[in-house]
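Asks: attaching a predicted model along with its sequence, questions to come.
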Amino acid sequence: DQQVKQNSPSLSVQEGRISILNCDYTNSMFDYFLWYKKYPAEGPTFLISISSIKDKNEDGRFTVFLNKSAKHLSLHIVPSQPGDSAVYFCAAWTSGTYKYIFGTGTRLKVLA
Amino acid sequence: KAGVTQTPRYLIKTRGQQVTLSCSPISGHRSVSWYQQTPGQGLQFLFEYFSETQRNKGNFPGRFSGRQFSNSRSEMNVSTLELGDSALYLCASSLGGTSNEQFFGPGTRLTVL
């Protein structure tokens, strides 16, 4: 049972344009949602998170939007840069479970 | 501050053998989680330890086990290796209280022949 889903395995975007990565979830008990970026041969690195009581969180070029009624979150990267090319994972966390549920990842390629 | 370190970085084993992977968390972090990453499956949660106690476990067979030491370092053991155990094994540490941000190590690439 995949509680967190990233239905797009890959995405290509031109440099300078907006990248939108999507994530759907099924468990309404999740308290926090996080986005991680992963380069080859490295572990994932934390990008940005959002609490379930918020609908938007922004950090520089990165903004995460949460639509609780649709059980959907998205990561917007504006403007996209070639260095953003990586695999992006969304993850969800429920207080007290000490367990993160990750999606399968979306490979973003930013074309120069 | 040193990051999360994992040893070894690469490992080749044959079916039926066992393997032990090691993880040293960021200084001061008391929570260590382990994940298995395979192509198309994302990161699958194995288990989480805090102060030497396992607080949660994922849906993996009993061949997968772990432990945490008093200095917060953690080991993961896989016995009777199968071909399907070939994967990248990632360790992540966090403060473990209300903080939910995990810091990942570079992973151990295990290949089972």
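Replies: Looks like it came in fine. Residues are numbered from 1 along each chain as shown, chains lettered A, B, ... in the order given.
Asks: only C-alpha atoms from now on, for both contacts and neighbour counts.
Replies: Fine.
Asks: and the least confident helix or strand in chain A by mean pLDDT, which strands flank it?
Replies: None of the helices or strands of chain A scores lower by mean pLDDT, DSSP states H and E than strand A:100-102, at a mean of 91. Next to strand A:100-102 in the sheet, as set by DSSP bridges, lie strand A:86-93 (antiparallel).
Asks: where does chain A have low pLDDT?
Replies: Applying pLDDT under 70 to chain A flags the ranges A:1.
Asks: mind listing what the residue in it that chain B sits nearest to touches?
Replies: Nearest to chain B, among the residues of chain A, is A:Thr104, at 3.7 Å (CA to the nearest CA). By CA atoms under 8 Å, 6 or more residues apart in numbering or on different chains, the residues touching A:Thr104 are A:Lys5, A:Gln6, A:Pro9, A:Phe89, B:Gly40, B:Gln41, B:Gly42, B:Leu43.
Asks: the second one and A:Ile77, how far apart?
Replies: Distance from A:Gln6 to A:Ile77, counting by CA to CA, to the nearest Å: 16 Å.
Asks: ok, now the fourth one?
Replies: Plainly put, A:Phe89 is 14 Å away from A:Ile77 if you go by CA to CA.
Asks: who has more neighbours, these two?
Replies: In this view A:Phe89 and A:Ile77 are compared by other CA atoms under 10 Å in any protein chain shown, and A:Phe89 has more residues nearby, 28 against 20.
Asks: quick one: that one and A:Gly103 touch, right?
Replies: Yes. Using CA atoms under 8 Å, A:Phe89 is in contact with A:Gly103, at 5.8 Å.
Asks: what do the two both touch?
Replies: The contact sets of A:Phe89 and A:Gly103 overlap at B:Gly42 (CA under 8 Å, 6+ apart).
Asks: ok, the closest residue to A:Ile18 other than its chain neighbours - how many residues close by?
Replies: Closest residue to A:Ile18 apart from its sequence neighbours, by CA to CA, 6 or more residues apart in numbering or on different chains: A:Val78 at 4.8 Å. The number of residues packed near A:Val78 is 16, by other CA under 10 Å.
Asks: A:Val78 contacts A:Arg61, correct?
Replies: Yes. Assessed by CA under 8 Å, A:Val78 is found in contact with A:Arg61 at 5.1 Å.
Asks: kindly report the residues of chain B close to chain A.
Replies: Neighbours of chain A within chain B, by CA under 8 Å from any CA of the partner chain: B:40-45, B:47-48, B:55-56, B:90, B:100-107.
Asks: now a ChimeraX select for only the buried ones of these.
Replies: To isolate the buried ones among the residues of chain B next to chain A in ChimeraX, judged by 16 or more other CA atoms under 10 Å in any protein chain shown, type:
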select /B:42,43,44,45,47,48,55,56,90,100,101,102,103,104,105,106,107
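Asks: what residues are bridge-paired with the residue of chain B found nearest chain A?
Replies: Nearest residue of chain B to chain A (CA to the nearest CA) works out as B:Gly42 at 3.7 Å. Using DSSP bridges, the beta-bridge partners of B:Gly42 come out as B:Thr38.
Asks: residue contacts, it?
Replies: A:Phe89, A:Phe102, A:Gly103, A:Thr104, A:Gly105.
Asks: ok, now B:Gln6?
Replies: Listed by CA under 8 Å, 6+ apart, the contact set of B:Gln6 reads B:Leu21, B:Ser22, B:Cys23, B:Ser24, B:Cys91, B:Gly105, B:Pro106, B:Gly107, B:Thr108.
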